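>>> Quick one: sequence and predicted model below, then my questions.
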Amino acid sequence: MAGNILGTTVYYDADCDLSKLEGKKITVLGYGSQGHAHSLNLREGGFDVTVGLRKGSKSWDEATEAGFTVKETADAVKDADIVMILIPDEIQADVYASDIAPNLKEGAYIAFGHGFNIHFEKIVPREDISVFMVAPKGPGHLVRRTFQEGSGVPCLVAVYKDPAGDAMEVAKAWASAIGGGRSGILETTFKQETETDLFGEQAVLCGGVVELMKVGFEVLTEAGYDPVNAYFECLHEMKLIVDLIYEGGLATMRSSISNTAEYGDYITGPKIITAETKEAMKQVLADIQSGKFANDFLADSKAGQPFLKEKRAEFANHGVEKVGAELRKLMPWIKK
Ligand SMILES: NC(=O)C1=CN([C@@H]2O[C@H](COP(=O)(O)OP(=O)(O)OC[C@H]3O[C@@H](n4cnc5c(N)ncnc54)[C@H](OP(=O)(O)O)[C@@H]3O)[C@@H](O)[C@H]2O)C=CC1
Ligand SMILES: CC[C@](O)(C(C)=O)C(=O)O
Ligand SMILES: [Mg+2]
Ligand SMILES: [Mg+2]
């Protein structure tokens, strides 16, 4: 049953009424990281899912091979009671205008895995449409893998418009059906989800951690240390350390490392992540809140993604990726 965690209500499977999805025609747009996970998990719960895609793509073949009814986006939206939009954020507004909005039936629900386009008002749905969000707090491939293993990724749920009157119950049912109710479903707003998710992925989870690992690798290799040793030290072992934090918090991790490491952790951590770093993080948050980041990201996308492509090429050629690719070939237990 729902738990009160330090004043916040968190829902679990027992609080979610899956009958809210029963008898509804469900369409998932996109069969990428999140799309494949939502579609497969829902289907295993007994729900009938149609996948909407553009014809002739890799995803089209994959969803067809997985046994789904696959239709072109506009066609998949017609007749659907719930349309979950899991195509890339940067194209959602255009696809919404061309293929989704004109085909949405009166009184349908639309849903998102991230609040970006609703919060920044790139998509403004009609008044008869109910709008909710189910945002897993983890990568789609882990939403699928943990579900198969019997656990699940926590989800944030929110409602933006509710002419149907039960959008939050539908959102909770969806979150439960994809595995979120096994580890916790948190009710929030589109604004909170969008801003915290963008901040987390940029400053901590992806941008922050990747830069820390990459620069650590560079400092060791530029000082003449063996690149394989540097890779094990700065990247491979990151997962092992984070696994302990995930399992028991910072104290469990620190109880497993040596006193030498723990002393160095307290002495050196604040020299690397300084007051200046905290100020930079605050500026990152301000740019997210003002919409600057969203507009810069969309402008890069409209221009054909020059910045994104340049960075992908730069990282593909970085030593840390080359060493890692060779080492992982010798560790067959690491899944592709
Ligand atoms: N990745 C993640 O783990 C997380 C993502 N989210 C959110 O989920 C949403 C989806 O992201 P993500 O799963 O990463 O996306 P992906 O890039 O992994 O997948 C996008 C899917 O959309 C399809 N697609 C692309 N362009 C079109 C188009 N014009 N018309 C129809 N289908 C198209 C792609 O198929 P193809 O290119 O083969 O045609 C692919 O199947 C976003 O809102 C994101 O913020 C939220 C939490 C975590
Ligand atoms: C951390 C990145 C993420 O927010 C996610 C997997 O949760 C994303 O947008 O992919
Ligand atoms: Mg996220
Ligand atoms: Mg995100």
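Arrived safely, thanks for sending. Small disclaimer: the values here were computed from a predicted structure and weren't measured. Numbers count the residues shown, from 1 in each chain. Ligands and ions are numbered 1, 2, ... in the order given.
>>> Smallest gap between the stretch 1-150 of the chain and ligand 1, at which residue?
Ranked by CB to the nearest ligand atom, the top residue of the stretch 1-150 of the chain for proximity to ligand 1 is residue 32, at 1.9 Å. (Glycine included, C-beta is placed from N, CA and C.)
>>> Return the residues in contact with that residue.
Counting by CB atoms under 8 Å, 6 or more residues apart in numbering, residue 32 makes contact with 59, 86, 87, 88, 140.
>>> element containing the residue in the chain sticking out farthest from the centre, please.
In the chain, residue 224 marks the outermost C-alpha relative to the chain mean, sitting 37.4 Å out by CA atoms, centre = their mean. Assigning secondary structure by DSSP states H and E places residue 224 outside every helix and strand.
>>> tell me, how many neighbours does residue 222 end up with?
Residues lying near residue 222 (other CB atoms under 10 Å) number 9.
>>> Run through the residues that contact it.
For residue 222, no residue meets the contact criterion (CB under 8 Å, 6+ apart).
>>> can you give me phi and psi for the residue in the stretch 1-150 of the chain that ligand 4 sits nearest to?
Residue nearest to ligand 4 within the stretch 1-150 of the chain: residue 114 (5.4 Å; CB to the ion). Taking degrees, to the nearest 10, you get phi -160, psi 140 for the backbone angles of residue 114.
>>> wait, what's in contact with the nearest residue to it once chain neighbours are set aside?
Nearest residue to residue 114, sequence neighbours excluded (CB to CB, 6 or more residues apart in numbering): residue 135, at 5.5 Å. By CB under 8 Å, 6+ apart, the contact set of residue 135 is 112, 113, 114, 115, 155, 156, 157, 158, 193, 197.
>>> Does the residue of the stretch 151-300 of the chain found nearest ligand 1 lie in a helix or a strand, and which?
Across the stretch 151-300 of the chain, the shortest distance to ligand 1 (CB to the nearest ligand atom) belongs to residue 197, at 7.2 Å. Residue 197 belongs to helix 190-199 when assigned by DSSP H and E.
>>> Can you name the element that comes right after that helix?
For helix 190-199, the succeeding helix or strand toward the C-terminus, using DSSP H and E, is helix 207-222.
>>> Measure how that next one sits relative to helix 190-199, angle-wise.
0 degrees (axes from the mean of the first three to the mean of the last three CA atoms, to 10 degrees).
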